[in-house]
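Q: Quick one, fold the following:
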Amino acid sequence: MLKFFALLTLLASATVHAQTPLQTDLPLNYLEQANPESHNQPLVIFLHGYGSNEQDLFGIKDELPAQYTFLSVRAPMEMEEGSYQWFRKKGEGAYNGETDDLKSSGQLLLDFVAQAAKKYHTEANKVFLVGFSQGAIMSYEVGLRHPQAVGGIAALSGRILPVLKSGLKPDEKRQALAIFIGHGTADKRLPYTDGTDADRVLQSLSLKPEFHAYPGLGHNISDAEMQDLNAWLQRLNP
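A: Numbering: from 1, shown residues only. Just a heads-up that it's a prediction; the model follows:
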């Protein structure tokens, strides 16, 4: 699960998150922060990691432009109360995913993105998926397979799965896709090489990901990464 920047920040935000009602009108349950001025502003959709839930990433909205619309989505597969996943793991240690799970969760997420863009009056090119760990893997799954659905993806501590990598070919539709990759050099769950490998694969497709390495960072998100993510999002919406 995501470790927030500091314990005090987590404690301060927990009460606010608990008061945010769960929305159930779209294909996946989610939390929202939106306001009337958000029409046609960027729509940022957070995708949590393995075994977590929609509250895990919701707090990072406070580090991003306040005028944007923020949704934090709950993965569809319940593991136990309060704990969800996007796909079951296949094998031990490799963090690969069951193909059927990837397809079903990917389709649900694609439907969610389309309906959310309509609900919040946002064009597809202003929709950004921000995923951590397993959520980052799903950002790649949806963004690279369906680049017309989103304007960009931010993969934090993720990887491009072999089943996706093997099917990727140069595609003009992907050229407009903005991509942010952030990875800690000390990540033991999804090694740093997963991040550099994703960067290499994307560059081989003539894409131009913005890659950030975070020395000494493990499988979590740092203040520096949030600052870089904030700057990236703002550059995409001058």
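
Q: Measure how buried F46 is and give me the count.
A: 26 (other Cβ atoms under 10 Å). Where C-beta positions appear, they are placed from N, C-alpha and C, glycine not excepted.

Q: Across the sheet, point out what pairs with it.
A: For F46, the beta-bridge partners are S72, V130 (DSSP bridges).

Q: That one contacts L71, correct?
A: Yes: look at F46 against L71 with Cβ atoms under 8 Å: they come within range, at 7.0 Å.

Q: Phi, psi for Q134 please.
A: Main-chain dihedrals, Q134, degrees, to the nearest 10: phi -60, psi -30.

Q: swap that for R200, please
A: Here is the backbone geometry of R200 (degrees, to the nearest 10): phi -60, psi -40.

Q: Kindly format the C-alpha coordinates of the top helix by length along the chain as CSV.
A: As assigned by DSSP state H, the longest helix anywhere in the chain is helix 99-119. Taking C-alpha atoms only, helix 99-119 is exported to CSV below (Å, rounded to 0.1, in the frame of the first residue of the first chain):
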residue,chain,number,x,y,z
THR,A,99,-5.1,-12.2,-18.6
ASP,A,100,-8.8,-12.4,-18.1
ASP,A,101,-8.6,-10.1,-15.1
LEU,A,102,-6.6,-7.6,-17.1
LYS,A,103,-9.2,-7.6,-19.8
SER,A,104,-12.2,-7.3,-17.6
SER,A,105,-10.7,-4.6,-15.3
GLY,A,106,-9.4,-2.8,-18.4
GLN,A,107,-12.8,-2.7,-20.0
LEU,A,108,-14.4,-1.5,-16.8
LEU,A,109,-11.8,1.2,-16.4
LEU,A,110,-12.2,2.2,-20.1
ASP,A,111,-16.0,2.5,-19.6
PHE,A,112,-15.5,4.5,-16.4
VAL,A,113,-13.2,6.9,-18.1
ALA,A,114,-15.6,7.6,-21.0
GLN,A,115,-18.6,8.1,-18.7
ALA,A,116,-16.6,10.2,-16.2
ALA,A,117,-15.4,12.5,-19.0
LYS,A,118,-19.0,13.0,-20.1
LYS,A,119,-20.3,13.5,-16.5
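
Q: Could you grab the helix/strand/coil label for F128?
A: strand (DSSP: H, G, I helix; E, B strand; the rest coil).

Q: Distance-wise, check it relative to D56.
A: According to Cβ to Cβ, to the nearest Å, F128 stands 18 Å off from D56.

Q: do D194 as well
A: Distance, D194 to D56, using Cβ to Cβ: 20 Å.

Q: Repeat that for T185.
A: From T185 to D56 the distance is 23 Å (Cβ to Cβ).
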